[in-house]
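Q: Fold the following.
(one chain, ligands or ions: 1)
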Amino acid sequence: VRVLAGIPRCLLLDQGRAVAEGRPGVVLGSGVLGPLGLRPPDLVALAELAGTAGDDLEDEDALAAGLREAARAGRVPGGSAAPGGAPSVAWEPVRSHPPTGVEVRGVVHRYAGGVEALRGVRLEVPPGQRLAIVGQNGSGKTTLVKHLNGLLRPDAGEVRVGGEPVGDRPVHVLARTVGFSFQDPDDQLFERTVEREVRFGPGNLRLEPAATERLVEAALRSTGLAEHRDVHPHDLGPSDRKLLALAGVLAMDPAVLVLDEPTTGQDGPGVERIGAIVEAYAAAGRTVIAVTHDMGFAAERFDRIVVMREGEVVLDGSPVEVFAPEREATLASAGLAPPVAARIGARLGLGSTPTLRHLFDALRGRRTT
Ligand code: ADP
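A: Okay, the predicted model is just below:
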């Protein structure tokens, strides 16, 4: 959405061919993207419904008026017709973990040089939750999650995983429970083939060979990398390298999955796939904690959102709570804007509508929980 704002023309390339050229609302519309198996950005999907896709996408008054008209005419699709097309991912646990949550108790972290990156953060994440941590660059998100697997240690306060203090437990021991996927996959990849890379983690867990096989195959399948198993990781594109780093962590089947900016560098289908993995992993009873800059992704795929500002948590709640119109000023103070569906819902006086599904339901006069 941010990319579209103020862009008068765009050119869509597919396999080296120009497929469409013109206004972004048309080029990125369902008529062009649908046949390619892609879904339009939320702003374009809304503009199509409002009948303003061929006009200036920044004109949110026209968009809101068009949506009101669509609602009056009964043209708003039902919840199930909202975003779809995600690859289906299921996660069948192979290792057995007790339900494992995470507690961060008043954690302070100061880097050498004096930056106080965390200023007494408190956070309790129950087992099975999908938590997204958002905030401007430098707000302390990465510093916080690096405490969960012992990559960083607190200067004050305590971190507990599964009720046990992390204390001085070494990173390689914690890694059996807390899987961590780095922001930059190249910090993580070192093997000669995709399959060897995925096999490395479970190989260190001393599982039964059959269990290792199941995990390797499940991780390759859910990340869509099965057919690239013999490729050298450095011959993969950046988005597949990122998926490979994720596969390496998934293959360890950890109780807690921590993802630092999982959607960076992904195209639409990659974001859909990672979202499906997040949901499938949590549906298997595991805890998922992700740092993300993508508010739409956070609203769609997570059940709780924590907003950080200058080393502190300033908002904490469900997407409906955090992206409510009343929270917009606090969000802005953290340098963030709500997802487009929430902005339009607020403009239409529909309350808090963090996703297209919420917005469509509200336009149809229904409440979404
Ligand atoms: P975010 O993940 O939200 O972008 P970070 O946790 O990376 O934030 O950074 C929080 C603060 O700590 C920033 O001011 C950043 O400059 C500082 N910082 C991060 N890493 C280091 C480091 N290795 N040494 C010194 N300061 C750091």
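Q: what's the helix or strand for the residue most central in space within the chain?
A: The residue lying closest to the centre of the chain (CA atoms, centre = their mean) is F297, at 4.8 Å. When secondary structure is defined using DSSP states H and E, the element that contains F297 is helix 295-301.
Q: The helix or strand following that helix packs against which elements?
A: With elements assigned by DSSP H and E, the helix or strand that comes after helix 295-301 is strand 304-309. Here strand 304-309 touches strand 116-125, strand 130-135, strand 312-317, helix 319-322, helix 328-333, going by 3 or more CB pairs under 8 Å, 6 or more residues apart in numbering; DSSP states H and E. Just so you know, the C-beta spots here come from the backbone N, C-alpha and C atoms, and that holds for glycine as well.
Q: just the ones you listed: most buried one?
A: Stretch with highest mean neighbour count among the helices and strands packed on strand 304-309: strand 130-135 (a mean of 25; mean count of other CB atoms under 10 Å).
Q: Show me what from this protein comes close to the ligand.
A: Within reach of the ligand by CB under 6 Å from any ligand atom, the chain has these residues: 111, 113, 115, 117, 135, 137-143.
Q: Can you flag the buried ones in those?
A: Applying 16 or more other CB atoms under 10 Å to the residues of the chain next to the ligand, the neighbour count classes 117, 135, 139-143 as buried.
Q: so which of the helices and strands packed on strand 304-309 comes closest to L243?
A: strand 130-135 (18.6 Å; CB to CB).
Q: V32 - nearest residue in space that isn't next to it in sequence?
A: A20 (4.7 Å; CB to CB, 6 or more residues apart in numbering).
Q: sec struct for that neighbour, please.
A: Under DSSP: H, G, I helix; E, B strand; the rest coil, A20 falls in the strand class.
Q: Contact partners for it?
A: 11-12, 26-27, 32 (CB atoms under 8 Å, 6 or more residues apart in numbering).
Q: Of the residues you listed, which is the most crowded?
A: Per-residue neighbour counts (other CB atoms under 10 Å) across the contacts of A20 peak at V27, which has 20 neighbours.
Q: got the contact list for it?
A: Residues near V27 by CB under 8 Å, 6+ apart: 10-12, 20-21.
Q: what does V313 give?
A: By CB under 8 Å, 6+ apart, the residues touching V313 are 121-123, 306-307.
Q: Out of those residues, which two sit at the greatest distance?
A: R122 and V307 (14.0 Å).
Q: Nearest residue to E261 in space, ignoring adjacent ones along the chain?
A: Spatial nearest neighbour of E261, chain neighbours left out: Q183 (4.6 Å); criterion: CB to CB, 6+ apart.
Q: beta partners of the closest residue to R327 other than its chain neighbours?
A: Leaving aside its chain neighbours, R327 sits nearest to L315 (6.1 Å; criterion: CB to CB, 6+ apart). Bridge pairing for L315 (DSSP bridges) gives the partners V307.
Q: For the remainder of this discussion, apply numbering that starts at 49.
A: Noted, 49 is the first residue going forward, which turns the last one into L363.
Q: from memory the residue nearest to the centre of the chain sits against G323, does it?
A: Yes. Judged on CB atoms under 8 Å, F345 makes contact with G323 at a distance of 6.4 Å.
Q: how about the helices in the stretch 249-398 of the chain?
A: 257-270, 286-298, 316-331, 343-349, 367-370, 376-381, 388-395 (DSSP state H, counting those that start in this stretch).
Q: For the ones you listed, please prepare TSV with the additional fields distance to R217 and mean pLDDT.
A: Below are the helices of the stretch 249-398 of the chain laid out as TSV (distance: least, CB to CB, whole Å; pLDDT from 0 to 100):
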stretch	distance to R217	mean pLDDT
helix 257-270	23	97
helix 286-298	18	96
helix 316-331	23	95
helix 343-349	30	97
helix 367-370	32	98
helix 376-381	36	97
helix 388-395	40	96
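Q: residues contacting the nearest residue to P386 once chain neighbours are set aside?
A: Excluding its sequence neighbours, the residue lying closest to P386 (CB to CB, 6+ apart) is F371, at 4.4 Å. F371 sits next to 343, 347, 353, 379, 386-387, 390, 400, 402 when contact means CB under 8 Å, 6+ apart.
Q: Recalculate using a threshold of 7 Å.
A: Applying CB atoms under 7 Å, 6 or more residues apart in numbering, we find F371 in contact with 347, 386-387, 390, 400, 402.
Q: ditto for T191
A: Residues near T191 by CB under 7 Å, 6+ apart: 157, 165-166, 200.
Q: same deal with E358?
A: Residues in contact with E358 (CB under 7 Å, 6+ apart) are S187.
Q: In terms of pLDDT, where does the residue of the chain positioned farthest from its centre sit?
A: Residue farthest from the centre of the chain, counting by CA atoms, centre = their mean, is A121 at 34.3 Å. We have a pLDDT of 95 for A121.
Q: Please apply the same query to G126.
A: At G126, the predicted lDDT confidence score is 83.
Q: ok, now I55?
A: 82.
Q: Ends of stretch 163-180, what's the gap?
A: 24 Å (CA to CA, to the nearest Å).
Q: cool, stretch 219-233 as well?
A: Using CA to CA, one end of stretch 219-233 lies 18 Å from the other.
Q: Show residues contacting that stretch.
A: 148, 190, 196-199, 209-210, 214, 236, 253, 289-290, 292-294, 297, 300, 302-310, 312.
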